[in-house]
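[1] predicted model and sequence follow; I will ask about them next.
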Amino acid sequence: MKDLNYLTIPKAHELLKSKKLTSEELVKFYINKIKKLNPKIKAVISLEDKSALIKAKEVDAKIASGVEIGILEGIPYTAKEMFMTKGVKTTAASKILENYEAPYSATAIEKLENAGAIMIAKVNQDEFAHGGSTENSAYHPTHNPWDLDRVPGGSSGGSAAAVAADFGIFSLGTDTGGSIRQPAAYCGVTGLKPSYGAVSRYGVISMASSFDCIGPIARSAEDANIVFEAINGIDAKDSTTVTYKYEKMPKSIDAIYYEVGNVVDSIKNQKIEDLKISDVKSIEDLGITEEALAAYYILVPSEISSNLERYDGIRYGNSSQDASNLSETYFKTRGEFFGPEVKRRNLIGAYALSAGYYDAYYKKAMQVRTLIKNRVNEILEKYDVILMPTTIEPAFKIGSKSDPIEMYKTDILTVFVNLAGVPSVSIPFGLDESTGMPMGLQIIGKQGDDNKILEIAKKIQDKTEYHEKVGEIKI
């Protein structure tokens, strides 16, 4: 089954449709690969092999009867632990939800199930998505398939590592400040952060509700586009979903490229059909990255502190057995079951929202958010898209960023996109010379320009040498 390595969605679909491969064989291929490699990579938390094989047999019966199948039918995928999945453990990689079994599925999961895609595993993440390396999981860190001594990024590190290690054809992740794009860059795969409200958040455990976006991590922009088409749209259960008129790429695209040292600067010399880089400037000229990072780490912890109130030892999740009264139940439950980063962000948020500090911190950060949104819109009125590196460095060594501030700085090129609510896709674009690790190129568009940036990403991937698969992995 060597030829099944690193299949794209269209290729797998063609093999299934032509009966050269059964969905059951495809699912078994990935299950066997997970069982063999996951002990080293540690991307998968729960393997749903029995239910996946049942669904695969149903797809095969459909094909055998001559019924035409959709592009996602029979396609195995994985999903981040944040996604509620009916009858399946959904822990958000936290001990407080260690044995929680979801009573219903997230809208995005339901849409993929309706399209015939087959979820084969739930994958690791930073606890409640609080982190940028997947080292903050309450269970274990995940390792980057390119180099097992390095992080896969976060918080959707399990999703990116699963795609890079070929544990499924695509994965679902969440992006609050770069949590799809940063791990996609670190793992040499493609990650889409859609326009805010494009994909329903219903059934996805909340981190920061006005920032969270649901999107795919996949082999290529084409695969990401296929998944995005399946999961986007209005949802009556999520009042923040928006109807966007998704326009594809026009005949000519005018772009500005922001340089970050020598990171990914080869894009300037590429000749991509219909794409013109009209202007090249330093990242300092963008003028909002440091301000965005500061505002983000006030606003997001504030929303986190509100969203985490429900985990009190009474309504949701595990409860401390050492408590003797109601007050102790609250304090001991959260003290025992929340990890250090969750506690840190919860405290920062509670402080920023407290009486006497609200105006000085939260209100000021909201004003900065408006200025950042206006700045991004101003640039995108002049240019069709913004091009820039996804990260300032390749994946770092596990344990090398013990200082929380240093970890927060890994988001410096991604958080402003979430503050502005615009779409961005990260695609693999070359290797770092000193480490041999993959780097990413970020394509940013106006709200609703999701299809446009994916079309540009496809053109770049078709034209340039990029890492569609990770054949260099030695495990």
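    On my side now, so go ahead. Everything quoted here is computed from the prediction, not taken from an experiment.
[2] ranges for the strands of the protein?
    44-47, 76-80, 118-123, 170-175, 190-193, 213-218, 253-259, 275-282, 385-389, 424-431, 438-444 (DSSP state E).
[3] which of those sits most buried?
    strand 190-193 (a mean of 33; mean count of other Cβ atoms under 10 Å). Placement of C-beta: from N, CA and C, glycine included.
[4] show me what that strand is packed up against.
    When contacts are defined as 3 or more Cβ pairs under 8 Å, 6 or more residues apart in numbering; DSSP states H and E, strand 190-193 sits against strand 170-175, helix 181-187, strand 213-218, helix 221-231, strand 424-431, helix 450-463.
[5] hmm, who's touching it?
    With Cβ atoms under 8 Å, 6 or more residues apart in numbering as the test, strand 190-193 has contacts from 156, 160, 173, 175, 178, 180-181, 183-185, 213, 215-221, 223-224, 228, 414, 417-418, 423-428, 450, 454, 457, 461.
[6] where in this structure is pLDDT low?
    For the chain, applying pLDDT under 70 flags the ranges 1-2, 248-249, 464-475.
[7] how much space separates the residue nearest the centre of it from residue 390?
    Central residue of the chain (Cα atoms, centre = their mean): residue 180, 2.5 Å from the mean position. Using Cβ to Cβ, to the nearest Å, residue 180 is found at 10 Å from residue 390.
[8] now do the shared contacts for these two.
    Common neighbours of residue 180 and residue 390 (Cβ under 8 Å, 6+ apart) are residue 426.
[9] name the residues of stretch 303-322 that are buried.
    Residues of stretch 303-322 classed as buried under the neighbour-count rule (16 or more other Cβ atoms under 10 Å) are 303-308, 311-313, 317-320.
[10] and that stretch, end to end?
    End-to-end distance of stretch 303-322: 29 Å, with Cα to Cα, to the nearest Å as the criterion.
[11] before we move on, what about stretch 428-437?
    So stretch 428-437: terminal residues 10 Å apart, Cα to Cα.
[12] chain center to it, what's the gap?
    For stretch 428-437, the separation from the chain centroid amounts to 21 Å (computed by Cα atoms, centre = their mean, to the nearest Å).
[13] check stretch 38-47 too.
    Chain-centre distance of stretch 38-47: 17 Å, with Cα atoms, centre = their mean.
[14] mind listing residues that contact it?
    31, 34-35, 78, 81, 88-89, 91, 93, 120-124, 139-143, 145, 148, 152, 157-159, 161-162, 165, 167, 475.
[15] just the buried ones out of these, please.
    31, 34, 78, 81, 88-89, 91, 93, 120-124, 139, 141-143, 145, 152, 157-159, 161-162, 165, 167.
[16] take these and keep only those in helices.
    Residues of the buried ones among the contacts of stretch 38-47 located in helices (DSSP state H): 31, 34, 157, 158, 159, 161, 162.
[17] which one of those residues is nearest residue 365?
    Distances from residue 365 to these, taken as Cβ to Cβ, are shortest for residue 157 (26.6 Å).
[18] before we move on, the earlier item: for the residue nearest to the centre of the chain, which non-adjacent residue is closest in space?
    residue 191 (4.1 Å; Cβ to Cβ, 6 or more residues apart in numbering).
[19] what do you get for residue 199?
    Excluding the flanking residues, the one nearest residue 199 by Cβ to Cβ, 6+ apart is residue 214, at 4.2 Å.
[20] wait, what's in contact with the one you found?
    108, 172, 173, 174, 175, 194, 199, 200, 201, 204, 231.
[21] who does it form a beta bridge with?
    As for beta bridges, residue 214 partners with residue 174 under DSSP bridges.
[22] what's the distance between it and residue 310?
    Counting by Cβ to Cβ, the gap from residue 214 to residue 310 is 20 Å.
[23] swap in residue 100?
    Distance of residue 100 to residue 310, given as Cβ to Cβ: 12 Å.
[24] shared neighbours, these two?
    Residues touching both residue 100 and residue 310 (Cβ under 8 Å, 6+ apart) are residue 316.
[25] how close does the residue nearest to residue 180 sit to residue 333?
    34 Å.
[26] please apply the same query to residue 367.
    Residue 367 sits 36 Å away from residue 333, taking Cβ to Cβ as the criterion.
[27] so which of the two has more stuff around it?
    residue 333 (22 against 11; other Cβ atoms under 10 Å).
[28] who's in contact with the closest residue to that one other than its chain neighbours?
    Spatially, and ignoring its direct neighbours in sequence, residue 333 is nearest to residue 313 (3.1 Å; Cβ to Cβ, 6+ apart). Contact analysis of residue 313 by Cβ under 8 Å, 6+ apart lists 319, 320, 323, 329, 330, 332, 333, 334.
[29] now the first one, nearest residue through space, not along the chain?
    Meaning residue 319. With Cβ to Cβ, 6+ apart, the residue lying closest to residue 319 is residue 313, at 3.8 Å.
[30] equivalent analysis for residue 179, please.
    Leaving aside its sequence neighbours, residue 179 sits nearest to residue 155 (Cβ to Cβ, 6+ apart; 4.3 Å).
[31] now swap in residue 246 and tell me
    In space, residue 246 is closest to residue 451, 4.3 Å off (Cβ to Cβ, 6+ apart).
[32] ok, that neighbour to residue 425 distance?
    With Cβ to Cβ as the criterion, residue 451 and residue 425 are 11 Å apart.
[33] now do residue 319
    Separation of residue 319 from residue 425 (Cβ to Cβ): 42 Å.
[34] what of residue 173?
    In terms of Cβ to Cβ, residue 173 sits 13 Å off from residue 425.
[35] residue 35 now?
    Counting by Cβ to Cβ - residue 35 and residue 425 are separated by 32 Å.
[36] state the distance from the most far-flung residue of the chain relative to its centre to residue 361.
    Computed with Cα atoms, centre = their mean, the maximum C-alpha offset from the centroid of the chain is found at residue 324, amounting to 40.6 Å. Residue 324 is 36 Å from residue 361, where distance means Cβ to Cβ.
[37] got the contact list for the residue nearest to residue 96 when sequence neighbours are not counted?
    Residue nearest to residue 96 in three dimensions, not counting chain neighbours: residue 337, with 3.7 Å by Cβ to Cβ, 6+ apart. By Cβ under 8 Å, 6+ apart, residue 337 lies in contact with 94, 95, 96, 311, 317, 318, 320.
[38] the second one touches residue 311, doesn't it?
    Put plainly, it is residue 95. No - contact criterion Cβ atoms under 8 Å: residue 95 and residue 311 do not qualify, at 10.8 Å.
[39] what do the two both touch?
    Jointly contacting residue 95 and residue 311 under the rule Cβ under 8 Å, 6+ apart are 337, 338.
[40] re earlier: separation between the residue nearest to residue 199 and residue 198?
    On the measure of Cβ to Cβ, residue 214 and residue 198 end up 8 Å apart.
[41] what's the answer for residue 338, then?
    31 Å.
[42] which one's more surrounded, the two?
    Taking other Cβ under 10 Å, residue 338 and residue 198 do not tie; residue 198 has more neighbours (26 against 22).
[43] find the nearest non-adjacent residue to the more buried one, please.
    In space, residue 198 comes closest to residue 232 once its chain neighbours are excluded; the distance is 4.9 Å by Cβ to Cβ, 6+ apart.
[44] my read: the one you found touches residue 197, true?
    No - in this structure, residue 232 is not within contact of residue 197 by Cβ under 8 Å, at 9.6 Å.
[45] okay, those two: which has more neighbours?
    Applying other Cβ under 10 Å to residue 232 and residue 197 shows that residue 232 carries more neighbours, namely 25 against 21.
[46] before I go, just wanted to say thanks for your time.
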